[in-house]
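K.L.:
Requesting a structural model of the entry that follows:
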Amino acid sequence: MQLPGELVEYIDQLVSDGRATSRAGVISQALQRERRREIAARDAAILAVAWTEDGEPVARLVPLRARRAHWSTKTSILERLQPAQADPGLREDLRKLYDDDRS
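P.N.:
Sure, this is the predicted structure:
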């Protein structure tokens, strides 16, 4: 099996920086982590339960949230904040109040 060049360079950098003991160690850790992730996802799917009343679903037991990225892009943050943005005229109203208090 051959890995793409950028992955080989990354693995070699980990080893040369002392953050890994060998190439095989890096790959072994990555495979173990992926295996644990898949097992956890499988277990979460097994444990997801739906309650029914007269054959109709009324509730579900599911994981709290899907795994999310460790970082957020500026665009994704702005998309989440946009609907919750304060009244566009608030800044002007506050400025007027501040000016009135100073008079």
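K.L.:
report the longest helix in this protein, please.
P.N.:
helix 23-47 (DSSP state H).
K.L.:
gap between that helix and the chain center?
P.N.:
17 Å (C-alpha atoms, centre = their mean, to the nearest Å).
K.L.:
contact partners of it?
P.N.:
I11, D12, L14, V15, A20, L61, V62, P63 (C-beta atoms under 8 Å, 6 or more residues apart in numbering). Where C-beta positions appear, they are placed from N, C-alpha and C, glycine not excepted.
K.L.:
any idea how far D87 lies from R37?
P.N.:
43 Å (C-beta to C-beta, to the nearest Å).
K.L.:
More neighbours: which of those two?
P.N.:
Set D87 next to R37 and count neighbours by other C-beta atoms under 10 Å: R37 wins out with 11 against 8.
K.L.:
Quick check: the gap between the more buried one and D43.
P.N.:
For R37, the distance to D43 - C-beta to C-beta - is 11 Å.
K.L.:
need the helices for the chain, in chain order.
P.N.:
5-16, 23-47, 74-81, 90-102.
K.L.:
Can you say which of these is nearest to G55?
P.N.:
Checking the helices of the chain against G55 by C-beta to C-beta gives helix 23-47 as the closest, at 21.9 Å.
K.L.:
how about the closest one: buried residues?
P.N.:
Within helix 23-47, the residues that qualify as buried are V26, counting by 16 or more other C-beta atoms under 10 Å.
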